[in-house]
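mind looking at a prediction? Sequence and model below.
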Amino acid sequence: MTTAEQTYLRTELEQRRERLHEALHSPVADASLSQLLSAVDAALSRIAQGTFGLCELCHDSIEAERLLADPLVQFCLDHLTSAEQRALESDLSLAARIQRALLPKPDLAPTGWDVRYHYQPAGVVSGDYCDLFETDGGLLLMLGDVSGKGVAASMLMSHLHATFRSLAEGGLPLDRMVEDANRIFCKSTLAGQFATLVVGRVTHDGSAEFVNAGHLPVLHIHGDAVTPKDSTGVPLGMFCNTRFPVHRLTLAHGDTLFLYTDGLTEARNSAGAEYGLQRIQTLAARHTLMEPAGLISECLGDLLSFQEGTKQTDDLTLLAVRRAE
Ligand SMILES: [Zn+2]
């Protein structure tokens, strides 16, 4: 766990201790409050002694995201009681269900567009963000990657989801929407937490605009060529006040925008080589006329043969949006 995270938790614990002291003065205070107070005191003294975040049994580090969620935990995942393990598994599967419910409907069929996505967490939950929905101003598409993995990243992912769903109703220009989302995101994250992100809007006449905040290049697949559109800004959450320039282009009938996360480009084979940007561009160039479902399945097939059976280590998301012929 980083020093910043520990400092944050110490402040958190000190605040909780104060609250407990206040609650203990209530006429209906019960014994569980004084037990909690001792647990908080013990955690604070572990911070003071430098043993905070170490498993009491094996002395290895306890998973940082678990400490952030509950600074009173004293055992690593391997050394939970079986009751604790069952509770954790059920929490995780609930979190995964909530996250799946946030994804766009798989059968989404906006008029004039052919869309498809593939969302594949490396663990139970994902730090990738993917959304697609229609507004009065056009079809909005979002794809991003929150720093870190697991539950902490998935919480930030759902935070982004809620933020953009709310902001989208205001009909703001795209750059304003991302600037507002960035300010909100900044205020609710710890130092070092950020999200790379593409936010796009396409309309029925083929005009497309998008902001690429520190994310991998968006591929514009058109005619018989592929044009990568690079990032034009910093990731969300790095600076509270920053501008996000907008890319604008026109999509002809049959043109596709293809977005992906680093679960694709940074996937490694058994020799340790990366899948890389070039390979995805070459693959897209071989299939310029293909509809989104076919393109995504070609991409997954190519990734699978590249990986030669090595395990997926990062969340993977692919999104293709094609203007209907
Ligand atoms: Zn342990």
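Noted; the coordinates are in hand. Since this is a predicted model, take the numbers as computed values, not measurements. Numbering: from 1, shown residues only.

contacts for the longest helix along the chain?
The residue-count maximum for a helix in the chain (DSSP state H) belongs to helix 3-24. Outside helix 3-24, the residues that touch it by Cβ atoms under 8 Å, 6 or more residues apart in numbering are 29, 33-34, 36-37, 40-41, 43-44, 47, 52-53, 64, 67-68, 71, 190-192. Backbone N, C-alpha and C define where each C-beta goes, glycine included.

how about stretch 239-254?
Residues from elsewhere that reach stretch 239-254, judged by Cβ under 8 Å, 6+ apart: 173-175, 178-179, 182-183, 186-187, 202, 206-213, 218, 220, 222-223, 229, 232-234, 257, 289, 322-325.

please check these and keep the buried ones.
For the contacts of stretch 239-254, a burial check counting by 16 or more other Cβ atoms under 10 Å picks out 174-175, 178-179, 182-183, 186, 202, 208-213, 218, 220, 222, 229, 233-234, 257, 322-323.

just the ones of the contacts of stretch 239-254 in helices?
Short answer: these in helices (DSSP H) are 174, 175, 178, 179, 182, 183, 186, 187.

quick one: the nearest residue to the fourth one once chain neighbours are set aside and the ion, what's the gap?
Taking Cβ to Cβ, 6 or more residues apart in numbering, and ignoring the residues beside it in sequence, residue 179 has residue 244 as its nearest neighbour in space, at 6.0 Å. Shown here: residue 244 relative to the ion, a distance of 43 Å by Cβ to the ion, to the nearest Å.

cool, and residue 50?
17 Å.

what's the neighbour count on that residue?
Neighbours of residue 50 under the rule other Cβ atoms under 10 Å: 9.

so how far is residue 1 from it?
Plainly put, residue 50 is 12 Å away from residue 1 if you go by Cβ to Cβ, to the nearest Å.

just the CA coordinates for stretch 285-304, please, in CSV.
Taking C-alpha atoms only, stretch 285-304 is exported to CSV below (Å, rounded to 0.1, in the frame of the first residue of the first chain):
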residue,chain,number,x,y,z
ALA,A,285,-7.0,-3.1,-42.5
ARG,A,286,-7.6,-6.7,-43.6
HIS,A,287,-11.3,-6.4,-42.6
THR,A,288,-12.4,-2.8,-43.6
LEU,A,289,-15.7,-4.0,-45.0
MET,A,290,-16.7,-6.2,-42.1
GLU,A,291,-19.6,-5.5,-39.8
PRO,A,292,-18.9,-4.9,-36.0
ALA,A,293,-19.8,-8.4,-34.9
GLY,A,294,-17.5,-10.0,-37.4
LEU,A,295,-14.7,-7.5,-36.7
ILE,A,296,-14.8,-8.2,-33.0
SER,A,297,-14.9,-11.9,-33.4
GLU,A,298,-11.9,-11.7,-35.9
CYS,A,299,-10.1,-9.6,-33.3
LEU,A,300,-10.8,-12.1,-30.5
GLY,A,301,-9.7,-15.0,-32.6
ASP,A,302,-6.5,-13.3,-33.5
LEU,A,303,-5.8,-12.4,-29.9
LEU,A,304,-6.4,-16.0,-28.8
